[in-house]
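J.: Sequence and predicted model, in that order:
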Amino acid sequence: MAFWQEYKWVILFYSAIVLLIYIFRKKFDVQHKVMAFYRTKVGLKLMERWGKKYCEQIKLLGYIGIGAGYIGLFVIIYFMLKNLITLLSVPTATTAISVVIPGVKIPGSPVTIPLIIGWIALFIVILVHEFSHGIVAKAHGLEVKSSGIFFLGPLMGAFVEPDEAKLRKEKDTVQYSVYAAGPFSNMLLALACIILLTYAFSPALGAMADETGVDLAGVTDGYPAKAAGLEQGMVVSAVNNVTVKNYNDFTNQLRYVRPNDSVTITANGTDYALTTVASPNDPKQGYLGVMAASKPHIQLKSEALYYQIFYAVLKWIVELLAITGLLSLGIGLANLLPLGPVDGGRMLQVSLQKIKGEEKGNKIWHKISIATLLLLAINIFWPAIKWFGKLLIR
């Protein structure tokens, strides 16, 4: 019952998607029994118009995207290897790489994306990604046969279909620029979101409210905070009688505590006396067993209805930009993995074919793809691997 109450809207949302696919299944091209493609001509005229009107500018951005794409390819591989080394060398480490499904809390994932705003952000990211592939193809005079959406089970994506046969006959720089266009546009979108948040929307939102403390996002069983009576959702306004207004204030006050130090936490107007224990990650560091929310607890500067509505709208835009930027960067880098059919894999395949010849290049490409898939799987499924390993030891 508790599971249903928590996830009922998520279950209903994804069930509705599956039901709609089934009802309109004759309009979909179903492949491998789990992938359903719906092809349209939507956006093709706009791609062609912009591709012709801004031809040289788009080509230039496409060529810049090649360099950014290869840098991104090495960055994501480095990050995955670094994350794997951390997982293997630090027993308490959690994976920093995970599948993200809006509305669904993935076990072991550091990020949970809200359902509705998550889907809106995901749609924007996918639209920009696929439109960029199409418009760069059009700028180089290549045909784009169709656009559309596809579903992998209840998960949605989008696609454009350039004429692959003609694309493969083009010079390598054209192929690179078409493949890199999607990930590069995602990087630019993420940068735009960061700029808008940093210099416009976040300052405006902050100017409308005062920071009054930090929310406790979690209290761990078996540690001093729980024993003292602190609970998730409480608002901490002071540590050792020093006012804290935000996350940085809170962490700064606790940064130098050592095991067995006395600490007073003021939460919801009540003082709680605690004695720290050794941190599970660093025996020299004091630990309370609390997790503070990164966003401060705030109080609006006005109680007027129009003020509250404007603040709510502005807050929604800030959240949308933050999630869009996060997903755009993540999806852009994920598409640069040197793996099979994704953009980074296609770029690497073209490079290896040019360097080693088509047959030998493809063999090397297949081996790299398999190695990347294995590395990705370990990073994503590490929580399950770790749990299964503990089960075998018991």
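T.: Here it is on my side, so go on.

J.: check which helix or strand covers V42.
T.: Here V42, judged by DSSP states H and E, is contained in no helix and no strand.

J.: can you give me the strands in the stretch 201-350 of the chain?
T.: For the stretch 201-350 of the chain, applying DSSP state E, counting those that start in this stretch gives strands covering 209-219, 235-239, 242-243, 262-267, 270-275, 277-278, 286-287, 290-300.

J.: Can you say which of these is nearest to V144?
T.: Proximity to V144 (CB to CB) singles out strand 290-300 among the strands of the stretch 201-350 of the chain, at 41.8 Å. C-beta: built from backbone N, CA, C; applies to glycine.

J.: where's that closest one relative to the chain centroid, distance-wise?
T.: 22 Å (CA atoms, centre = their mean, to the nearest Å).

J.: could you dump whatever helix or strand R39 lives in to CSV, C-alpha only?
T.: Element membership for R39 (DSSP H and E) is strand 35-40. Included here for strand 35-40 are C-alpha records, laid out as CSV according to Å, rounded to 0.1, in the frame of the first residue of the first chain:
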residue,chain,number,x,y,z
MET,A,35,11.0,-0.7,-29.7
ALA,A,36,8.2,1.1,-31.4
PHE,A,37,8.9,3.8,-33.9
TYR,A,38,6.4,6.4,-35.1
ARG,A,39,7.7,8.2,-38.2
THR,A,40,6.6,11.7,-39.3
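
J.: re the thing from before, I'd like the strands of the stretch 201-350 of the chain as CSV, with mean neighbour count appended.
T.: Supplementary listing: these in CSV, determined by neighbours: other CB atoms under 10 Å:
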stretch, mean neighbour count
strand 209-219, 18
strand 235-239, 20
strand 242-243, 12
strand 262-267, 19
strand 270-275, 14
strand 277-278, 16
strand 286-287, 21
strand 290-300, 17
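
J.: What lies in contact with stretch 159-175?
T.: Contacting residues not belonging to stretch 159-175 are listed as 37, 39, 43, 47, 63, 66, 130-131, 133-134, 137, 140, 142-150, 178, 346-347, 350-351, 354 [CB atoms under 8 Å, 6 or more residues apart in numbering].

J.: Restricted to helices, list these.
T.: Per DSSP state H, helices hold the following members of these: 47, 63, 66, 130-131, 133-134, 137, 178, 346-347, 350-351, 354.

J.: Would you show me how to pick out the buried ones of those in ChimeraX?
T.: A single ChimeraX command selects the buried members of the ones in helices among the contacts of stretch 159-175 (16 or more other CB atoms under 10 Å):
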select :47,66,130,131,133,134,137,178,346,347,350,351
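
J.: wait, which of the ones in helices among the contacts of stretch 159-175 is closest to Y14?
T.: Out of these, the one with the shortest distance to Y14 is E130. That distance is 22.1 Å, counting by CB to CB.

J.: what's that closest one in contact with, if anything?
T.: Applying CB under 8 Å, 6+ apart, one finds that E130 lies in contact with S147, A158, F159, V160, G182.

J.: among the residues you listed, which are in helices?
T.: When DSSP H defines the helices, the subset of the contacts of E130 inside them is G182.

J.: Please tell me which one of the contacts of E130 counts the most neighbours.
T.: Across these, neighbour numbers were computed from other CB atoms under 10 Å; G182 holds the maximum, 26 neighbours.

J.: Thought S132 was touching that residue, still the case?
T.: Yes - under the criterion of CB atoms under 8 Å, G182 lies in contact with S132, with a separation of 5.3 Å.

J.: Outline the domain layout of this protein.
T.: If you go by automatic domain parsing, the domain ranges for the chain are 17-204+321-393, 210-300.

J.: So for stretch 45-63, first residue to last residue, what's the gap.
T.: One end of stretch 45-63 to the other measures 23 Å (CA to CA, to the nearest Å).

J.: what's whichever strand or helix holds I378 packed up against?
T.: In this assignment (DSSP H and E), I378 forms part of helix 358-393. The contact analysis (3 or more CB pairs under 8 Å, 6 or more residues apart in numbering; DSSP states H and E) places helix 358-393 against helix 55-89, helix 343-356.

J.: Would you mind giving the ones you listed as JSON lines with distance to F3 added?
T.: Supplementary listing: the helices and strands packed on helix 358-393 in JSON lines, determined by distance: least, CB to CB, whole Å:
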{"stretch": "helix 55-89", "distance to F3": "28"}
{"stretch": "helix 343-356", "distance to F3": "37"}
